[in-house]
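>>> below are the sequence and a predicted model; questions follow.
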Amino acid sequence: MTEGAQNRLGFSAIGGRKAKAEKIAGILAAAGCPLESAHDVLDLGCGSGEIAAHLAGLARVTCSDAVDQRVLGRDLPFVAIGRDLPFADAAFDVVVSNHVVEHVGDATAHLDEIRRILRPAGVCYLATPNRWWPWEFHTRIPLLHYLPRHLFDRIGAAIGRLHEPLQLLSLRQLRRIAAPRFSIETWHPRVAAEPRRFALDVAPGTARLLELLPGWLFDASAALQPTLIVLLRPR
């Protein structure tokens with residue numbers, strides 16, 4: 001949800017989503033759970049609908065957000081959501097939470113609800129900005145988010161860059177919150193190491209350079225990379 005986040009209403013952000021959808025589908029396939037036509041998928045915080053529209057070519061997709069602002073995928077089912085998700089237990093094979101958890105206010109409750117609506121063999125794709133990456137995507141001010149959360153929220157709101165509180169997570173915090181509910185697979189190091197495989201939007205020369213670097217370097221720097229990407233499987 002990082003791009004265009006300053007213009008958000010609900011969980012929306014418009015633009016640049018097709019590559020993200022291809023990345024999501026690529027990660028799921030590489031993890032041994034490729035999307036299939038029989039799968040029920042929830043795009044949780046669908047925003048512009050571009051991710052959902054792309055994934056709908058692979059599976060049955062339901063869109064959800066606080067407000068319907070879809071530009072694409074308007075023919076797909078849409079359900080308005082709040083803190084509690086209005087879905088039955090074990091309703092989905094895949095839940096996509098793409099740059100949403102930082103906006104919901106209670107990350108633990110968010111993961112509790114995802115765990116509830118996932119089928120036992122299901123998987124959640126979750127991506128969120130890294131608390132320790134120096135550049136903060138929403139305010140576009142480096143290092144401001146290193147302040148205590150209440151000061152970051154207050155300053156961001158005062159300068160007109162934040163329209164709601166944010167809960168930015170580190171990899172350690174995300175693992176701690178998720179661990180009681182899910183087994184956790186960390187995928188952003190592999191995405192960074194193989195950018196062209198996972199439709200990462202980088203220049204060709206940068207992609208070639210990244211692919212030449214040893215894999216251990218990406219694993220060692222996982223806690224410092226700009227975006228955290230994990231797959232969560234119910235325990």
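Thanks, I have the structure now. Numbers count the residues shown, from 1 in each chain.
>>> ok, the nearest residue to residue 155 once chain neighbours are set aside to residue 226 distance?
Closest residue to residue 155 apart from its sequence neighbours, by Cβ to Cβ, 6 or more residues apart in numbering: residue 144 at 6.5 Å. Glycine gets a C-beta too; all of them are placed from N, C-alpha and C. Using Cβ to Cβ, to the nearest Å, residue 144 is found at 15 Å from residue 226.
>>> which of the two has more neighbours?
Using other Cβ atoms under 10 Å, the more surrounded residue of residue 144 and residue 226 is residue 144, with 19 against 14.
>>> quick one, what contacts residue 202?
Contacts here follow Cβ atoms under 8 Å, 6 or more residues apart in numbering; on that basis residue 202 touches 195, 210.
>>> please apply the same query to residue 116.
85, 89, 90.
>>> residue contacts, the residue nearest to residue 155?
136, 152, 155, 156.
>>> and the pLDDT at the residue nearest to residue 213 when sequence neighbours are not counted?
Residue nearest to residue 213 in three dimensions, not counting chain neighbours: residue 193, with 6.9 Å by Cβ to Cβ, 6+ apart. Looking at residue 193, its pLDDT reads 97.
>>> equivalent analysis for residue 10, please.
The predicted local confidence for residue 10 is 42.
>>> residue 177 now?
The score at residue 177 is 97. That number is its pLDDT.
>>> helix or strand for it, which one?
If you go by DSSP states H and E, residue 177 is part of helix 171-178.
>>> can you check residue 94 too?
strand 92-98.
>>> how much space between the residue nearest to residue 155 and residue 126?
Residue 144 sits at a distance of 24 Å from residue 126 (criterion: Cβ to Cβ).
>>> tell me how many other residues crowd the residue nearest to residue 213.
20.
>>> that older thread, of the contacts of residue 116 - the most surrounded one?
Busiest of these [other Cβ under 10 Å] is residue 85, holding 20 neighbours.
>>> can you name the residues that contact the residue lying closest to that one once chain neighbours are set aside?
In space, residue 85 comes closest to residue 113 once its chain neighbours are excluded; the distance is 4.7 Å by Cβ to Cβ, 6+ apart. By Cβ under 8 Å, 6+ apart, the residues touching residue 113 are 83, 84, 85.
>>> now do residue 224
130, 132, 133.
>>> tell me the SS of the last one?
Per DSSP: H, G, I helix; E, B strand; the rest coil, the secondary structure class of residue 133 is coil.
>>> correct me, but it touches residue 228?
No: contact criterion Cβ atoms under 8 Å: residue 133 and residue 228 do not qualify, at 9.2 Å.
>>> neighbour-wise, which of the two wins?
A direct count of neighbours by other Cβ under 10 Å for residue 133 and residue 228 places residue 228 higher, at 26 against 18.
>>> paired strands for the longest strand anywhere in the chain, with orientation please.
The residue-count maximum for a strand in the chain (DSSP state E) belongs to strand 118-129. Note on strand 118-129: by DSSP bridges, its sheet partners are strand 92-98 (parallel), strand 227-234 (antiparallel).
>>> so where do the helices sit in the chain?
17-30, 50-55, 107-117, 149-158, 171-178, 188-193, 204-212, 215-220 (DSSP state H).
>>> spell out for me which residue occupies the centre of the protein.
residue 98 (2.2 Å; Cα atoms, centre = their mean).
>>> so what sits opposite that one in the bridge?
Counting by DSSP bridges, the residues bridging with residue 98 are residue 127.
>>> list the contacts of it.
1, 20, 24, 43, 45, 51, 125, 126, 127.
>>> most neighbours among the residues you listed, which one?
Neighbour-wise, these (other Cβ under 10 Å) top out at residue 43, 32 neighbours.
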